[in-house]
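[1] Based on what follows, work out the 3D shape:
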Amino acid sequence: MQRLGHILLALCLILPGAARAGISDVPAGAGALEHAIESARAGDTLRLGPGRHQGSIEITRPLTIDCAEGAVIDGMGQGSALIVTAPDVEITGCTILGSGSDHENIDSGIRLLKGAEGARVIDNHLIGNLYGVDIHGAHNALVAGNVIEGRQDHRMNERGNGVYVWNAPGSDVIGNDIRWGRDGVFVNTSHSNAFRGNRFRDLRFAIHYMYANKSEVTGNLSIGNHLGYALMYSKGVKIENNVSIDDDQHGIMLNYTNSSTIRGNLVRGGKDRCLFIYNAHKNAITSNRFERCMTGIHFTAGSERNQITDNSFVGNRTQVKYVGTSWVDWSQDGSGNYWSDFAAYDLDGNGVADTPYRPNDSMDHIIWTQPAAKLLMGAPAVQLVKWAQSTFPALLPGGVVDMHPLMRPVDIPVPEWEARYDG
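    Residues are numbered from 1 along each chain as shown. Predicted coordinates:
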């Protein structure tokens with residue numbers, strides 16, 4: 001037995017590659033990267049030298065692809081530049097471009113398919129691909145610290161997504177800078193994912209959720225997109241400490257999103273709604289700041305069963321848009337929300353106004369349901385009705401009431417963002 005051990009030790013010294021992973025330098029050139037992948041052993045590192053490396057290649061064993069400065073992987077306009085089907089593959093430091101344009105095959109800079117468990121895509125620059133990274137059935141993938149710049153040569157709805165996540169539980173998308181393309185991150189039928197610290201610009205939706213339970217969207221920055229954070233058909237979602245600046249339609253949209261937490265978010269400068277709630281229930285919407293939108297919050301389709309407290313509604317043209325016949329109280333345990341248009345007073349100094357706040361009257365309801373009625377707003381009879389309802393709240397037909405309005409708003413600063421992944 002001792003002699004056998006000496007023989008094995010000698011073999012390991014003679015053939016070190018049999019015992020441990022190797023490192024291979026791969027020069028640029030047609031076919032060089034594909035040949036290196038075919039020749040590599042599980043666990044090897046391929047160091048790509050400067051220059052253009054021909055892509056449209058499948059990685060079928062655990063490898064690390066580590067690019068030197070100036071190394072480019074080019075898909076040559078056919079399919080995806082890199083397709084990963086093996087576990088524990090890492091791709092780092094590469095410029096990746098030149099995918100095809102087929103939506104049916106999801107042509108991408110990088111595709112992580114079933115079997116690519118634990119894949120790591122870190123600190124790459126993905127330029128002009130139809131999709132940036134497609135996580136398609138690969139569990140526990142990490143996409144972090146990348147710059148992803150999508151297509152600009154198609155109409156927005158015909159472009160691909162920066163990161164597409166389908167049936168990939170445990171995936172983390174962290175600290176990426178995503179621009180152009182269609183949606184920054186599109187999630188469909190995947191649970192237990194995390195999307196943290198990303199920046200999104202010039203997109204349709206920054207983050208778009210469909211059937212994505214028990215996931216988190218935290219610390220992201222959305223600037224100038226058509227819509228910030230669209231959470232749809234999901235439950236148990238955590239949306240915390242995100243920022244939406246000058247997003248066109250909605251900063252945050254909850255559509256059939258239930259039993260979730262929306263906390264500490266800042267939405268500022270939206271041309272339409274800061275927050276839109278449609279048929280969403282049992283959500284805790286707390287400590288957010290909704291500022292300078294056309295409508296602070298619009299909720300409809302029976303979305304009364306939400307906790308909406310400790311938020312700040314600042315400088316919105318219409319603070320609340322809701323049509324209903326029953327009163328919905330937006331306060332809990334003696335704490336409501338801050339309203340910038342409420343001339344409140346607090347004689348006992350406890351930080352809570354001494355009178356309730358009612359954002360809408362019956363004329364608001366009429367105008368929302370019958371827009372042509374705006375022509376009558378200057379009529380003396382209409383002004384008399386508005387005055388009577390403000391003086392005698394019992395005449396109001398129902399709607400939102402805040403029984404304990406707050407005297408001070410929550411302050412949420414806009415963070416200085418930089419591409420970052422701390423490992």
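[2] For the residue most central in space within the chain, which three-state class applies?
    Residue closest to the average C-alpha location in the chain (C-alpha atoms, centre = their mean): Ile207, at 3.1 Å. Of the three states, Ile207 takes strand according to DSSP: H, G, I helix; E, B strand; the rest coil.
[3] Now do the same contact list for it.
    Neighbouring residues of Ile207 by C-beta atoms under 8 Å, 6 or more residues apart in numbering: 183-185, 187, 195, 200, 217, 220, 222, 228-231. Where C-beta positions appear, they are placed from N, C-alpha and C, glycine not excepted.
[4] In CSV: these, plus secondary structure and distance to Asn316.
    As requested, the contacts of Ile207 are exported to CSV (DSSP: H, G, I helix; E, B strand; the rest coil; distance: C-beta to C-beta, whole Å):
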residue, secondary structure, distance to Asn316
Asp183, coil, 26
Gly184, coil, 25
Val185, strand, 27
Val187, strand, 29
Phe195, strand, 27
Phe200, strand, 23
Val217, strand, 23
Asn220, coil, 22
Ser222, strand, 18
Gly228, strand, 16
Tyr229, strand, 18
Ala230, strand, 20
Leu231, strand, 21
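[5] which one of those residues sits closest to Gln307?
    Comparing the contacts of Ile207 against Gln307 with C-beta to C-beta picks out Leu231 as the nearest, at 16.5 Å.
[6] Roughly how far does the residue nearest to the centre of the chain sit from Arg47?
    Applying C-beta to C-beta, to the nearest Å, the value for Ile207 to Arg47 is 34 Å.
[7] Same check on Ile178?
    Between Ile178 and Arg47 the computed distance is 27 Å (C-beta to C-beta).
[8] which of those two has more neighbours?
    Shown here are Ile178 and Arg47; by other C-beta atoms under 10 Å, Ile178 has more neighbours (29 against 16).
[9] isn't that one right up against Asn198?
    Yes: contact criterion C-beta atoms under 8 Å: Ile178 and Asn198 qualify, at 6.3 Å.
[10] what sits in contact with each of these two?
    In contact with both Ile178 and Asn198: Gly184, Val185, using C-beta under 8 Å, 6+ apart.
[11] where in the chain is pLDDT low?
    When residues are selected by pLDDT under 70, those of the chain lie in 1-20, 301, 323-325, 360-398, 419-423.
[12] could you redo the last one with a cut-off of 50?
    Residue ranges of the chain with pLDDT under 50: 1-2, 4-19, 363, 366-367, 382, 385-386, 394-395.
[13] which residue ranges form the helices in the chain?
    Secondary structure of the chain by DSSP state H: the helices cover 2-14, 32-39, 362-369, 380-391.
[14] Save the contacts of Ile207 as a markdown table, and put in neighbour count and distance to Val414 too.
    Formatted as a markdown table, the contacts of Ile207 follow (neighbours: other C-beta atoms under 10 Å; distance: C-beta to C-beta, whole Å):
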| residue | neighbour count | distance to Val414 |
| --- | --- | --- |
| Asp183 | 27 | 22 |
| Gly184 | 34 | 18 |
| Val185 | 30 | 20 |
| Val187 | 29 | 25 |
| Phe195 | 29 | 19 |
| Phe200 | 28 | 14 |
| Val217 | 29 | 17 |
| Asn220 | 30 | 12 |
| Ser222 | 26 | 11 |
| Gly228 | 33 | 13 |
| Tyr229 | 30 | 16 |
| Ala230 | 23 | 21 |
| Leu231 | 26 | 22 |
